[in-house]
Each structure stands twice: as C-alpha cells, then as structure tokens.
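Chemist: predicted model follows, preceded by the sequence.
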Amino acid sequence: MDAAPASGLTATLLRKFALRHWRAEPRQSALLVLILALGIAVFFSIRLANRAALASFQNFTDLITQESDWLISAPAGLLSESLLSELRERLNPQPVNIIPVFETTAARPQTDPDEAIGSRETFQLLGVDLIGVQNIAARRVQDLSWFGQASSSAAGAGNAESFWQVFRNPRAVFISAALATRDQLKPSDPLTLVVNENFVTLEVAGIIPTTAEGPRAPATLLVMDLPALQNLTGQAGSLSRIEFVVEQGPEVEAQRARLREQLESWSGERWLVSSPADRRASAATMTRAFRVNLTILSLIALLVGLYLIFQALDGAVVRRREEIGILRSLGVEEYLIRRVWLLEAALLGLMGGALGAVLGWAGAQFSVRLVGRTVNALYYSTSVDAARLEWSELAAALSLAVASSLLAGWLPARAAARTPPAQILVRHALAPPGLQFWRKKSLGALLVLAGFALVLLPPLRFSGGVRFPLAGYFAGLCWIIGGGILSGATLRTLARLVRPLGRWLIPVKIAAGHLIQPSGRHRLAVAGLVCAIAMTAGMTILVASFDTTMRGWVERTFQADLYISSSGAQSATTENRISRDTWKSILAHPAVADVNLVQTCDVELPEGKTMLNGAELAVMQRRTSVSWMQPPLSDDVFAFEKNSGLALVSESFSERFSLRRGDRLTLPTLQGKKELTIAGVFSDYGNERGSIQVDRGHFAAWFQNEQVSGLMVFLRDGFPAESLRAEWLARYPGLRVFSNAHLRVEILRIFRQTFAITYALEVIGVLVAVIGLGLTLVSVLLERRAELTTLRALGLNRGEIAQATAGEGLVLAVAGVTVGVAVSLALGWMLIFVINKQTFGWTLGFDVPWGQIAGLAFLVTSVGTAVAYGVGRWGAALPADQEE
Amino acid sequence: MRSNPIFQRCVPTHGFRAPILAAAVLSLLLPLPGAEFQPPLKTTDGFAVPQPGRGFEFPRDHGSHPEFKIEWWYVTGHLLGESDRRFGFQATFFRRAGPQLTNESAIPATSAAFGNDELHLAHMALLDVPGGRFMHEERLNRAGWDAGSITNTLAVHNGNWFLRLGTNAGSDFALQGSIRGVASFSLALTPTKPLVVFGENGVSRKGAGSTASSHYLTFSRLAVEGELSLAGRKQSVRGSAWMDHEISSSQLDEDQAGWDWASLQLNDGREIMAYRLRKQDGSTDPFSRLAWVDAVGVVTNFNSTQFTWSAVRTWKSPATGGVYPVTVKLATTDPASGQPVTFTLEPILLDQELSGGLGGIPYWEGACHVLDDKAEKVGSAYLELTGYVGSLADRFK
C-alpha cells in the first residue's frame, strides 16, 4: 500500500472508526477532554506563574537606558561612589558609559497598626543620574522626556526654569504610567512613602520615559535623581551597583570582553562583576528549588488524569473489538490500526491541551499572585500580578498533552492492533485481559522496594549550593505507581470482605460480584485515586510537620516583648532600615531592659549568595533559647571581645555549603576579608539560602553602617508591652511595632500563605480523581447494559441499581483511600526527610495530621459514593439497545 | 613669538608686537561705541557680565569661570592621516550654570559627585573625507564625577572626552575624543601663534543689549599631532587646529535668530574669523564682525559694514528639515594690501549637521575648502550655522 491511499484510509478510518464513537458519547468524550485539560491547565498555569515571577526580576535600569553589558556590586554591603572617578580614570580613553545606581525600597504609610505584613505595596526606588542616563536613552525613541513634563503646572515657567526646578528638587520622583493611571497621579502631586523609618512626601515630577516597543515600567517602580535618593535614605556616597554600557562600534564584542577582564583585574576583591543575564540566572537559581517543587506538584492532576485516559482508551479497545476484528478481516493492516488509535489519542491530547491552555492561562492570573507572594516573601521583591502568555510554555503544554495521551494510548493501541481477527469475531468471546502487567502484584511490590532504595541516594549538586533530589522524586513516583498496582489486589480483598453482606443486601452482592474480578478499568480508576490521595495526604503531612516544627521554633526563638521594624519592611528583601538616632532613643527608654539589634545584608561568598546577620549575640544567649543543630562548644561566640573571628550559621547554610561547626569561611566586608570559624549551627526556617550570624558590633564596624533592620525589645517588669507599643507607634509613625503574640501569628500566617498554592493544586488533583471515578463507572455501566436489563427484568428498581453502583463506587473509593493513605505516609516521610532536607536543608519533626487525613478520606469516599450513585441512577435508565 | 604664548599676560587691545602703525589703522577701523561701552557688572539673574579692560591671567583664564553663566571651549581642525587621507574634527565642551539660588531654604543637598549647579554639554564630530562620512556624538552631564571643569587651568572633561592643558613643555593641549565605539582620537595641540582676544577692550559684543557679550579668547592656529582610530584601524594624523574659549552670561539678543560663524586658515599663514548675527527679520545685526589675524598674530577688525556674508547655496537637512546656507561668499578688504578680496567657503561634505538630540539645538558645523575668486584653494575653514531649526534665542534664555 503506497503512502497516499494509506493516509486517505487513515483519515477515513479515523472518521468512521474513532470519531463516530466520540460523537455517540459526547458527554464522556467531553469529560475525558476535560480531565486532560485540567491536568494540563494546572501545569500550564504554574509554569506561566513561575515564568512571570522570574521575569519580574529586573534591573530596571534597562527600562531607562538599555541593558548593560556588565555591572559591579559589592560582595556585601554597598559600593563607594568614589569608585566612579577611579573607574573613569582607569578606563580612559575607552568609550564606556558608566552608570551608577542606588536602589532601595519604600512602602505606603500604614493606616492600621495591626495590619498583616506584606499587605501594602512595596515600591522599588531606583536612583539614577537623571542627566547622565539620557546620554544612552536619547538614542531610542521615547514616549516622553524626563524633564519638562511639569512645565504646564509651573505657571509661566519657561523650559529651562522648569528643568532646573525639577532637577534641583530633592523630592522629585518619576512614576510609571501604570501608577499614574491607577492612582490618578499627575505632575506636582504629592506621594507619601515610608523610606527607612521616615514618612517622606515626594513630589511627582513626571512619568518614567520608556520606549514604545520596550517593556513598560511596572506600577511599583519609582525613579529619583541618584543623590536625592542617597540623601533621602541617609546613604550619601553609597551605590548599590555600577553598570557599564560599551559604545556600539565594530569592536564592541572585543571591547566588552576586555572590559570584563579589566573590571575583574581592578577589583581587588572590592566588587564582583556580573552581567544582567548572570543576575537573572542567579534569581532563577535562588528560586529554582521552589519552582521545581511547584512544577512537580502541578503534575499531580495530569498524572491522575493519565490513569483515566489510559483506562478510557483501554476501555474503548475492548468495546470496539468487534469493529477492529472486521477491519482486520477486511485486510486493514496492523500498523494502520495502531496509527488510527494513536491519532485518536493525539487528537484527544490536542483538544485537552488546547482547552487546558485556555483554562491554564486563566488560572495563571490567579496562581501568579500566589507564586508572586511567596517569591516576594522569601526571595526577592516582585510585584508581579499578571502572567503573560508565553509561546514556548504553550508549546510545552501542548506537547505534554499530546505526549501524555500518546503514552496513555500506546498500550491500548498495541492491544487493538494485535487483536487476532478470528478471536474477536467470535461474538461474546472473553474480553482480552488488557493490561497484564498492571495485574502483577510482584511488579507493584518491586516498585515499592525500588523506592526505598532510591531514597538512600544523595541529591544532585549544582553550582551555587543548589541541590536537586532527583532520586527522591523517582522514589515518590515508584511508590505511587507501585501503590496503584497493588491497589487492584486491595480491591479484590475488600470485595471479598463485603460479599457476605450480600446475603441480605442485593445491591452489595451485585457490587461485590463485579469487584471480585476487577476489570482493568476498575484497577486504573483506583490507581488514579491512590495517586491523588497519596500526593495530597503526603503534602498535608509535610505541611503539618513543618507547621508543628515552626511553631515550636517560633515559641523558643521569639521571646522578646516587642519587635520593631520599619513599617516599610514588607518582605524579606525590603531595604527599609532604622536609623541610629531612632534606635538609640528607643534603647534609652526607661522601660527597656535589653535589646537585640539586628542588621542584615546580602553577601556573596565564593560558594554562593547568602545572607549575613549582625545580632547582639550576648543578648541572644541571655534572652532566647536557640534551637541548635550543633551548639557552640564554648561561650566565646557570645562575648563581643572574643567573637570577632567566630560566626554562627543556619542549618540551611550548613547543608547548602557542606560546612559544619569548626569549619572556616571567608566573609567579604568593606574592611577587607574576614576569616571566620563556625562556632555553631542553629536551626532557622527563613529561606533556603541560609544565613551567617556575627556579633552586631563587628557587623557595624565591618560595613561602616549603623542602620538596623529590626529591634527585639525586652521590657523591664511592670511595663506593659501594649502601652509601650502604643507610645512608640505614636512617636515614630514610620515604625511598626509588633507584640510578641502578634508577630508569632504573622510569621505563621506568612508561612502558611506560602503553602496556599499547594493546597489549590491538591484540590484539583483530588477533583480529577473523583471525576475519573464517576467516568469509570459510566463506562462500566455502558458495558453492562445487557446485565442492567436483566437486573431490571429480575425486579430491581432504579434505586436498587443505583445503590449497587454506589456500593461499587464506595469500594473503589475505600480501596483508593486506604492504599493512598498508606503511600502518603511514605511520601510524607520522604518529603520531610529526603526532599525537604536535601533541597532546603531544614530538619523538621514528623507529624501526621490524622484529623485532616481522615477528613480527606471521608470527603473522597463520600463524594465518590455519591457520584457513583448518580451514575447508577443514570445507568439504570439506559435503554438496552442504545448504541454506544 | 612661540616663546610661551599661553602664559603670556594679555591685555585687551593686545598685539604681540603691536606696532604704532597697526594701532593707528585699528583705531580708524574700530567702531566708536567701543571706548565708551560700560556694561552692568551683573545680569538680572546675577551672573557676571564681561567687563572691558579685564586683565587675563593664564593658565587661570583657560580654566572655567563659574561666575559666568555660559562658557565653552571649542576646537576644530583639519588633519591628514596615512596616504594623505583627510579628516576634519570638532570638539566642543560647554558649561552652563543653573539659576543662582537666592532662597537659603531652597538650597538642595549637594553632592560633589553629582552636582546640580552646572550642566556640561559636549559635542564631538569627525569628518572622514575619503569615506564621505560625517560622525558625531553629543553628551550631556551634570558637573560631578563624570564631567566638569576646574578654575585654575584648562581641564574640562565629559565622560571619556577631555581637553586639558598638557604638562609636557607646558604649552600643549591634549584633546581626547571619540564617537560612539566607531572613532576615537587623541591629539596634542600646540599653538603656533599667540593667543588672540577678539572684540574691543577684551569684550566681544554680540548685540545691542548691554549684557550680550563675551570674553573671546582664541588660538587661531595650532599644530596638531596624534592618533586617530577609525573602525578599529589606528593611524597617526597631523594637521592644524583652531581653538576658541568664550565666556559669557548672555549670548544673544531677543531679536536675533542665530548666527553664522567661520574660521578661515589661509595658506599664507593668516586667519580670518567672521560672524554674522542674524536678526529675526533676516537682516544682519550691526554687531556682526570680521577679524583678520596676520602671520604674527596681529588682529585687524572690521565691523558689519566692512564685509558682506552671502549665501551661495543651501542644503536641506533630511534629519531636521533645517535649510542651511552651506556655501558662503565672504567679501572684505585685505588689510595687508588694502584691496577688496572675496573668499568662497565650499563644504567638503554637505551633511555636517549635528542634529541636537540632547542639547536640543541642531546646527551645522563643517569643514570647508576656502576658494579665492579664481576658485583656487587658498585655505581651509570651519563654518558654523546656527538658528536654522527652531528658535535659538529661546534655547539660550
């Protein structure tokens, strides 16, 4: 048979043989597409949300000028602006634009002292030389110019005059078009913000000019003249980074390469050289573990869906075996039959993928906020609130949809093609047993054992201390599939257990009768349930264990009476600090017994980026009980006179960089490198980057900075915390003062909020599994039309038939839940002690939330039974001769 | 004569060898108001006004004068590279002071690295004659770490561009310029003639207004040596340059539309500087001037009635739409012979417009051949045509 007739025949076969069935069962077909679509939608929405959160990491300077070739930043702390002249001198006569940047954050003033952390918008305040940036910006066609936008408001002022007015106004701020529209701001309007611990009223000078084709400035971006912003934050003379743009020309590539070498050779460890791509990659690395975990979780629904598609296609082979037999006897070759089956599966994949993409895109608009909130709380500042459609992600989602339905359709297609025509044409011949391997208990047991072997393997390690527990994830997969296979056997056991009740209850007898020899369809539906329950309950165990551990840690660690920070501090990455004058005056208050001052900055070690904290270690020892992984062997680390060469590190840090007590690390500071010995390892659940803690006195000296990010205040007896809180809030409106109880609640709330998205993903997984259960019963009943007719003839009414189906559903659900919960215990254990420990480096206690799991089991069982009852009622009314 | 012109103490009606005869000729040619002109000390916005009889001290007066509002240092020149490949270059460094602050409370926080008192605008242009290419770049920076000037000597910079009084032998200037990543040059400039102070009694008036004037200091001929890199190829170049330094607080009068200016370096060793101030109605302002600098640096001035400046051919800029009279005929009297003489300035390339993205002032500044009335090349010139796009007076206000 040559190609053209073959493809013509394929099309005909597809239309007559496959699509006819789809049209005949529109609801079932639609449900199948929907199941696949849900799985794809969840995956797609998470991928889009991840992408959006990642894309929101920006330098921002490229909005204003162009993307820099290189940038330098201090390994810890800020750069001195005196470097600028040095660099220009060294670079001469090379045509290189040097762009100094100072960046900080600000928030809107708080209106409610009891508000939740992160409930107000965080602004990125970017300080650039507004004159200098125009040299690069002028080469692009921009929608606006920086200056002159306010000229209409300065009555009668000429161009030049309004220029100087804006240029010299130390409060002039440029806002994005998005913010201007949203908040109806126009030039000369005031904009009040909390910068550090102060309320400052800035004056809108205009809109940030951008190019028509380039990215728009996000609503949260504010731009000020660099020296004005330095002064506003009390950081005169300091720069966050210096960016470099090499002038375009025939040798630009060589010049760029040369510039990087020069910058590296002149650094003398004073700065680090990177490219904007390096920085994006580092943001990507920072959040990789989080994103990968989320992506894997997002596959639950698809995995569950795959069982169901597999099962549906397998069922179709069984139902259409007569037709296949006829086709085979008419000389249609095996490969054509297989091709048609696979085409049908691919078509299903395409439809499910397309619908999934639509649903996923909509879902992404919701999930992006959840992802953004977590990224914001743990990693870096982002204001992402919408996910853009990414073509590459769409292609990935569609490919995944088609590939997974092809995967699910492969075995049924083979079974169909290999069916010997003679066997099939014997009417009422025994249905082929279908998936033989799925019935092998030994395979299930083998997979479970393989899982146990896999969890013993270490994680994959990448640069920057990134680890990926690949073996752990495979172990999970083995358990889920192994559990799915074994659940078929459970079905039989359960059916035997309930069969005796059949003596009194006919519906039970009927139900049990069907399940003593469960079909492949039944087995796969239960396996789908097992998958959904195992993963959901497993995550529940992880979250509950985390929660319990966190609560214990918070109880022990947070023992101060009041916690003070800038009210602008909205997330882990905000730059709002408290000035020395303010914290000194709080310290001097007669009610204050002890204060632990905390300073913090990012630090780039040779091994990777982490966080450095300066804390009053003596106060910490005296006042709090630290949870030690490795306690210090002497008290030296707590004594300022003795601890200049000592540091404490968090467990995540220790895991990430494989450094333990007694090991040494080199800390870059403005005063040169400091060799520190790790005196102890404490547990901390901040984020997986880990942290180093040194005495604050040394921190302040090393970084020549006395601004603190927080104060933990211990009050003298007889001074009620609430009245002190009120007093300080009134005196320093730019501060936020938390009582102990309130802070603990906030910490746990933020912690739980980061799990919000995982709950959403699980709900969808369970939903798909329950729909699948219903779908299974629908197709089972369709196959048993003859039997239903008989039952009705025997006098069973519609209710009794429905009860029988409900019983069948109940047994399926119970089997799924039982095996699912058993697998979930293993998964939960593995998530806590393997995945979590290997990825984030946190040691958690194991805590099974039996109540929640029982609730889940009850919910799934009852909904499953109810769905089965509904299907039964519908099935009982099926006419005997209706064609499928 | 070459002794040490830069550090020479100059007097306003100077002449290095000011012979009595020349002085007599000069006095006949000088317009009458010169002697009596007494401007106010300050402009209405508080900046210094050029005062007649000011004594200049060098190298201090090569440096900047922050008490004045506007100041520029300007170098143009004609170069020959390998195989006599011809180039023209222009480098201009402007300093522009912001309004003076009167209200104490309005004084913004200042930072040495990021000043807000002055802006520095600079232009760099290169004409590649055989390549038929004109390249230019503008830069605007605040006075601070990446741009500025100093008051005790000449050292003005803007990014990687600078013009400095050199340290070797004390009499060379060093000019470093580049255009994007395409071209760069590093030139040593050595005056071959003494410094000229144009104008009357040290003040070059630019209009009837009592403050429309400048101190106008010029080296009319400098020997140039250096290196030029174009599209990655380096070559040594040599040639001659012209260098101006003008100090002012108010450059144009209300009714002036712009100016045409030219510097001619004649092959006989003399130079001509001429400017025509154009009024809004198209007529020539009586304060337009032409000056001859003889082979030893003696200046002979002509007023607006003693020369004519006429456009021979115009060129329309495709970038800005400005129509520039790029071919110019200058008719005047040769002070050496007393005979009328005519020169035609013929642009070497039509498109030598600086399109003014940053400064907002497009203008044409180009290298020209100087032709005599027999169409023989008798020298090289740089021609500057301003105020043909938009209103220049508005810009300067």
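Modeler: Received the coordinates, thanks.

Chemist: show me chain A divided up by domain.
Modeler: Residue ranges of the domains in chain A are recorded as A:1-57+A:285-434, A:69-274, A:568-733, according to automatic domain parsing.

Chemist: out of the ones you listed, which gets nearest to chain B?
Modeler: domain A:69-274 (2.2 Å; Cβ to the nearest Cβ). No exception for glycine: its C-beta is placed from N, CA and C like everyone else's.

Chemist: can you show me the strands along the stretch 151-300 of chain B?
Modeler: Ranges of strands in the stretch 151-300 of chain B, per DSSP state E, counting those that start in this stretch, are B:155-158, B:161-165, B:173-179, B:183-191, B:196-198, B:204-205, B:213-230, B:233-250, B:256-266, B:271-279, B:289-293, B:299-303.

Chemist: I'd like these as TSV, with mean neighbour count and mean pLDDT appended.
Modeler: Listed next are these as TSV, based on neighbours: other Cβ atoms under 10 Å in any protein chain shown; pLDDT from 0 to 100:
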stretch	mean neighbour count	mean pLDDT
strand B:155-158	22	96
strand B:161-165	22	95
strand B:173-179	23	95
strand B:183-191	22	94
strand B:196-198	23	95
strand B:204-205	24	92
strand B:213-230	22	95
strand B:233-250	20	95
strand B:256-266	22	94
strand B:271-279	23	95
strand B:289-293	24	96
strand B:299-303	20	94
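
Chemist: got the phi and psi for the closest residue to chain A within the stretch 151-300 of chain B?
Modeler: For the stretch 151-300 of chain B and chain A, the shortest gap (Cβ to the nearest Cβ) falls at residue B:181, measuring 2.2 Å. Phi and psi for residue B:181, reported as degrees, to the nearest 10, are phi -100, psi 10.

Chemist: what is the neighbour count of it?
Modeler: Residue B:181 is flanked by 20 other residues according to other Cβ atoms under 10 Å in any protein chain shown.

Chemist: which helix or strand contains residue A:525?
Modeler: Counting by DSSP states H and E, the element that carries residue A:525 is helix A:520-557.

Chemist: what mean pLDDT does that helix have?
Modeler: Helix A:520-557 shows a mean pLDDT of 85.

Chemist: name the helices or strands packed onto the very next helix or strand once past it?
Modeler: Following helix A:520-557 in sequence order, the next helix or strand is strand A:562-566 (DSSP H and E). Here strand A:562-566 touches strand A:710-715, helix A:721-731, strand A:735-739, helix A:740-753, going by 3 or more Cβ pairs under 8 Å, 6 or more residues apart in numbering or on different chains; DSSP states H and E.

Chemist: where does chain A dip in pLDDT?
Modeler: Low-confidence segments of chain A, defined by pLDDT under 70: A:1-6, A:56-59, A:138-144, A:148, A:150-159, A:378, A:381-385, A:419-436, A:571-573, A:879-884.

Chemist: 50 - rerun?
Modeler: Low-confidence segments of chain A (pLDDT under 50): A:1-4, A:151-157, A:427, A:429-431, A:433, A:882-884.

Chemist: quick revisit: now the helix holding residue A:525, how far from the centre of its chain.
Modeler: Distance of helix A:520-557 from the chain centroid (Cα atoms, centre = their mean, to the nearest Å) equals 17 Å.

Chemist: do the same with stretch B:46-62
Modeler: 17 Å.

Chemist: wait, does that stretch contact chain A?
Modeler: No: interface with chain A: stretch B:46-62 contributes nothing (Cβ under 8 Å from any Cβ of the partner chain), its closest point being 13.5 Å away.

Chemist: any idea what the residue positioned nearest the centre of chain B is bridged to?
Modeler: Against the mean C-alpha coordinate of chain B, by Cα atoms, centre = their mean, the closest residue is residue B:244 at 4.2 Å. Beta-bridge pairing for residue B:244 (DSSP bridges): residue B:74, residue B:218.

Chemist: surely it meets residue B:220?
Modeler: No: at 9.2 Å, residue B:244 does not count as touching residue B:220 under the criterion of Cβ atoms under 8 Å.

Chemist: I'd like the distance between residue A:870 and chain B.
Modeler: Distance, residue A:870 to chain B, by Cβ to the nearest Cβ, to the nearest Å: 72 Å.

Chemist: so which strand or helix has that residue?
Modeler: Applying DSSP H and E as the criterion places residue A:870 in helix A:850-876.

Chemist: which of the residues in that helix are buried?
Modeler: For helix A:850-876, a neighbour-count test (16 or more other Cβ atoms under 10 Å in any protein chain shown) marks A:853, A:856-857, A:860-861, A:863-876 as buried.
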